[in-house]
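In: Next comes the sequence, and after it the predicted model I'd like to discuss.
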Amino acid sequence: MGRKGDRMARVYRRGSSWWVDIIIDGKRVRKSVGNTKKAAERRLLEMEQIRDSRQHAEHLIEAAQPHNAALPVAELMERFLSRCETLGRRPKTVSNYRTLIEGFLEVVGSKAKVGAITPAMSGRYIEARKALGISSRRVKHGLTAVGTMLNWGVREGILAYNPLRNLDRLEVEPVRERRALEDHEIGALLEKSPKHYRRLWVGFLTTGLRLSQLTGLRWGDIDFRRRTFRLLRSNTKNKRHYQMPMSEDFETALRELLAERGQDSPPPADGHCFLNAARRPWRNNLLKRFYRCCEEAGIEHHRKRADGVTEVVDLHSLRVSFASLLAENNVAPKVAQQLMQHSSVELTLGLYAKVRKGADRAAVDGLRIVSRGKEGTKKSQSAADAM
């Protein structure tokens with residue numbers, strides 16, 4: 001069993017917890033396992049046994065199954081794509097798979113055999129594709145497509161194992177990033193949008209709900225007396241039930257809907273709150289309406305930053321705007337996480353909460369160091385005089 005000096009498998013202490021550090025299937029695993037060294041060593045032994053059993057199982061599989069090393073990659077691709085079509089994959093998906101895998105074959109050779117595929121070959125593929133000016137993201141998609149095909153071959157018993165299974169992930173710099181709307185853009189969007197769309201935008205901006213959640217909201221989910229609305233497990237990504245607070249703006253938008261329909265009390269509980277012109281729940285084309293409203297408001301869909309990243313605006317940008325506004329208003333991170341229905345604070349603050357234009361200056365101006373210093377001096381002098 002590994003000990004502290006063994007870098008491949010060891011236990012170590014961090015703070016009050018003991019950790020295990022081990023490499024399994026080519027990946028480094030570091031995990032907190034308890035408060036005592038004995039418990040950590042016991043857990044390390046179990047993980048080493050799991051690692052060894054997996055390696056033994058792989059050896060048995062390779063010995064029992066045909067390698068099909070002489071099988072041409074192109075033939076494997078055709079079998080894989082045929083299976084995708086049989087399973088009902090969309091034609092566009094199948095076409096994308098073909099394009100990506102053929103790009104791999106352009107580098108390794110159209111007559112390359114499965115047995116010739118190695119991690120080193122994938123390295124050549126990466127270099128060759130980047131030399132052609134192909135983006136890192138597209139190169140990564142190509143490796144993913146090849147890996148998907150090889151994994152399918154293993155499941156079907158065509159291959160003994162995937163030679164790229166332990167390949168390190170290709171790091172990709174973001175080329176597009178969703179941005180939050182500025183205050184003047186929010187004002188222009190709400191001013192230029194027709195009222196039936198404006199209420200939807202207000203809903204997104206004041207609740208942070210996803211498209212399917214807001215358009216799926218029913219009157220039975222609304223509680224005007226408590227100023228809350230509910231999200232059922234069936235309409236949340238983490239399958240949790242939420243009782244969410246309702247802002248004054250969102251309540252006003254909902255009451256306007258009732259007044260417009262000539263109803264003082266909510267309609268049937270199973271009726272949708274937001275309906276299109278055909279009096280049906282919104283399903284499609286809302287993004288097109290949003291873009292049209294953005295054009296009327298003079299909001300750019302795409303704009304390039306100095307670092308080369310393209311900032312984009314779409315419907316989900318309203319959810320990003322909601323998270324950014326929560327951060328600007330000093331909402332506690334855990335509260336923001338709850339409102340965003342996220343699994344971690346890191347996701348809320350790291351991916352969704354953006355620094356909007358002017359927010360950094362407002363934060364610095366709000367410090368008022370000199371005036372605070374003078375006020376503090378006056379208070380000290382007043383307290384001294386009082387004594």
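Out: Received it, and whenever you're ready, just let me know what you need.
In: shaky segments in the stretch 201-350 of the chain?
Out: 263-266 (pLDDT under 70).
In: Report the residue ranges of every domain in this protein.
Out: 9-61, 73-155, 178-360 (automatic domain parsing).
In: Now render the ones you listed as JSON lines, adding mean neighbour count.
Out: Just so you know, the C-beta spots here come from the backbone N, C-alpha and C atoms, and that holds for glycine as well. Output for these, formatted as JSON lines (neighbours: other CB atoms under 10 Å):
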{"stretch": "domain 9-61", "mean neighbour count": "14"}
{"stretch": "domain 73-155", "mean neighbour count": "16"}
{"stretch": "domain 178-360", "mean neighbour count": "16"}
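In: closest to S380 out of those domains?
Out: Closest approach to S380 among the domains of the chain (CB to CB): domain 178-360, 27.5 Å.
In: Is K92 in a helix, a strand, or coil?
Out: What DSSP: H, G, I helix; E, B strand; the rest coil gives for K92 is helix.
In: ok, now which ones touch A269?
Out: Residues near A269 by CB atoms under 8 Å, 6 or more residues apart in numbering: R218, W219, G220.
In: check contacts around the second one.
Out: Spelled out, it's W219. P266, P267, P268, A269, D270, G271, H272, C273.
In: and what of the first one?
Out: Contact partners of R218, counting by CB under 8 Å, 6+ apart, are A269, D270, G271, H272, C273.
In: For the second one, list the residues it contacts.
Out: Under the criterion of CB under 8 Å, 6+ apart, the contact partners of D270 comprise R218, W219, G220.
In: redo that, cut-off 7 Å
Out: Contacts of D270 were listed using CB atoms under 7 Å, 6 or more residues apart in numbering, and they are R218, G220.
In: For L81, see how far away it is.
Out: Taking CB to CB, to the nearest Å as the measure, D270 and L81 are separated by 43 Å.
In: what's the answer for V146, then?
Out: On the measure of CB to CB, V146 and L81 end up 13 Å apart.
In: R283 now?
Out: 31 Å.
In: Tell me the secondary structure of the residue nearest to R14 when sequence neighbours are not counted, please.
Out: Once flanking residues are discounted, R14 sits nearest to S32: 7.7 Å by CB to CB, 6 or more residues apart in numbering. Under three-state DSSP, S32 falls in the strand class.
In: My guess is S32 contacts W19. True?
Out: Yes: the pair S32 / W19 is scored as a contact, 5.3 Å apart, by CB atoms under 7 Å.
In: Walking through the stretch 51-200 of the chain, point out its helices one by one.
Out: Counting by DSSP state H, counting those that start in this stretch, the segments of the stretch 51-200 of the chain that form helices are 73-86, 91-108, 119-131, 136-155, 183-192, 195-207.
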